[in-house]
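Undergrad: The following comprises the amino acid sequence and a computationally predicted model.
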Amino acid sequence: MEFQSYIPVLKEYVHTLMAADSPTGFTRRATDAAEGLARGMGYETRRSRKGNLTILVPGRDGTRTAGLCAHVDTLGLMVRSITSKGELLFDRIGGPVLPSLDGEYCRIYTRDGRVYTGTILSLSPAAHVFDDTATRPRDCGNMYVRIDEKVSSDGDVRALGVEVGDYICFDTKTVFTESGFLKSRFIDDKGSSAILLTLLRWLRDTGARPRCNLEITFTVYEEQGHGGATFSPYLEELLAVDMGCVGADLSCDEYHVSICAKDSAGPFDYDMVTQLSALAREYGIPAVLDVYPHYSSDVAVAWKAGLDAPAALIGPGVQASHGMERTHLEAMLGTLELTARYLDCRGE
């Protein structure tokens, strides 16, 4: 399988998804973008009532169905209150590393469709004014959003249509470097979502088909822990494509595919993990096995919701997760190939 020529496609899909703000609960821009790409390739799609997007891929064996999943919801913020000075205080959506957001630009989406820009700051933002500028905690009680409008009171802010419960989306700062790195926020998991869209493009271009029918689902509540609760009960197996962790005593780095043997919810299916490892060795795909005690995925939720199917998880190694993340094209292409090998994608 030759995927090097699909690097421009992969980059295009990464940029498309990253440009669509989609913190959990506010994901329609991302699902619309992914659905538009899939339909443009000729695939049938469906939406769940909860908002998950599923793309249907015919396989060589039409009597069986396997599942792939990734999530397009991201971390974010929500307006918690508006101060008498017109500052927007916020709560977290998911688990962003708040110190990494100090000074980041953002967008505030109102319920009536208006969008304003702003900056996320410490409540002690000025070195010439505050003694604790460098030491004040960077958390929800000590940070705010400075909206880029002439406001000096809560009434001024509300006159703009901004209210409690509005979403605050921060910039992804997505860049592909000449040395092959992707650095961006939300590589978890828009990086892997772009990988699955690239797989769909490769299948269409080459005429290859997976060994059985395939449902590729982009979930929209993974960061809140219930994205995978409503997969089709007809799935006979499920492979989640998320991110691999980098750091501490882990084997994974930014150039390898992570095959997760166990996360905080327990071990993945033994036979699937074994097969994925064997395929990586057989085809020279850079992959490592790891255990992630601080990690959970859509698989855990699917199992707890009653999905009676084996499942496993792979993904490119991502450094600085939930902060300013980075991975490499080698890991992304490796994840793409391992997924295609596992599905035994080939011509008739």
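TA: Received it, and whenever you're ready, just let me know what you need. Quick caveat, the model's predicted, so the values are computed rather than measured.
Undergrad: so what strands line up beside the longest strand anywhere in the chain?
TA: Secondary structure of the chain per DSSP state E: the longest strand is strand 61-71. Here strand 61-71 is paired, per DSSP bridges, with strand 212-219 (parallel), strand 238-241 (parallel).
Undergrad: ok, and what's touching stretch 109-123?
TA: 21, 26, 77, 87-88, 101-108, 133, 136, 138, 142-149, 160-163, 165-170 (CB atoms under 8 Å, 6 or more residues apart in numbering). Where you see a C-beta, it was placed from the backbone N, CA and C, and this is true even at glycine.
Undergrad: And the helices in the stretch 51-200 of the chain, which stretches?
TA: In the stretch 51-200 of the chain, the helices defined using DSSP state H, counting those that start in this stretch lie at 154-159, 187-206.
Undergrad: Tell me which of those sits most buried.
TA: helix 187-206 (a mean of 24; mean count of other CB atoms under 10 Å).
Undergrad: Could I get the average pLDDT for it?
TA: For helix 187-206, the mean pLDDT works out to 98.
Undergrad: which residues of this protein score low on pLDDT?
TA: Along the chain, segments meeting pLDDT under 70 span 348.
Undergrad: one more time with 90, if that's ok
TA: For the chain, the stretches with pLDDT under 90 are 1-2, 347-348.
Undergrad: Residue 114 - how many residues pack around it?
TA: Counted with other CB atoms under 10 Å, residues neighbouring residue 114 total 12.
Undergrad: scratch that, residue 40 is what I was asking about
TA: Residue 40: 10 neighbours (other CB under 10 Å).
Undergrad: again with residue 137
TA: The tally of other residues near residue 137 (other CB under 10 Å) stands at 14.
Undergrad: Any figure for the gap between residue 21 and residue 161?
TA: Computed as CB to CB, to the nearest Å, the residue 21 to residue 161 distance reads 17 Å.
Undergrad: Of these two, which one has the most company?
TA: Applying other CB under 10 Å to residue 21 and residue 161 shows that residue 21 carries more neighbours, namely 23 against 14.
Undergrad: and that one, that one's in a helix?
TA: No. Judged by DSSP: H, G, I helix; E, B strand; the rest coil, residue 21 forms no part of a helix; its state is coil.
Undergrad: Report the contact partners of it.
TA: By CB under 8 Å, 6+ apart, the neighbours of residue 21 are 29, 30, 74, 76, 107, 109, 167, 169.
Undergrad: Report how many residues lie close to the fourth one.
TA: What that stands for is residue 76. For residue 76, the count of nearby residues is 24 (other CB under 10 Å).
Undergrad: Quick check: closest non-adjacent residue to it.
TA: Spatially, and ignoring its direct neighbours in sequence, residue 76 is nearest to residue 23 (2.5 Å; CB to CB, 6 or more residues apart in numbering).
Undergrad: May I have the beta-bridge partners of the one you found?
TA: Listed by DSSP bridges, the beta-bridge partners for residue 23 are residue 74.
Undergrad: Do I have it right that it meets residue 75?
TA: Yes. Using CB atoms under 8 Å, residue 23 is in contact with residue 75, at 6.3 Å.
Undergrad: Tabulate the helices of the stretch 51-200 of the chain in CSV, adding columns for distance to residue 128.
TA: Listed next are these as CSV, based on distance: least, CB to CB, whole Å:
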stretch, distance to residue 128
helix 154-159, 25
helix 187-206, 36
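Undergrad: Ok, which of those comes nearest residue 235?
TA: helix 187-206 (15.5 Å; CB to CB).
Undergrad: now residue 194: how far from residue 272?
TA: According to CB to CB, residue 194 stands 23 Å off from residue 272.
Undergrad: same thing with residue 61?
TA: Distance from residue 61 to residue 272, by CB to CB: 18 Å.
Undergrad: And the two? Which one has more around it.
TA: Neighbours per residue, other CB under 10 Å: of residue 61 and residue 272, the larger number sits with residue 272, 19 against 13.
Undergrad: so what's the backbone phi/psi at the more buried one?
TA: With angles defined as degrees, to the nearest 10, residue 272 sits at phi -70, psi -40.
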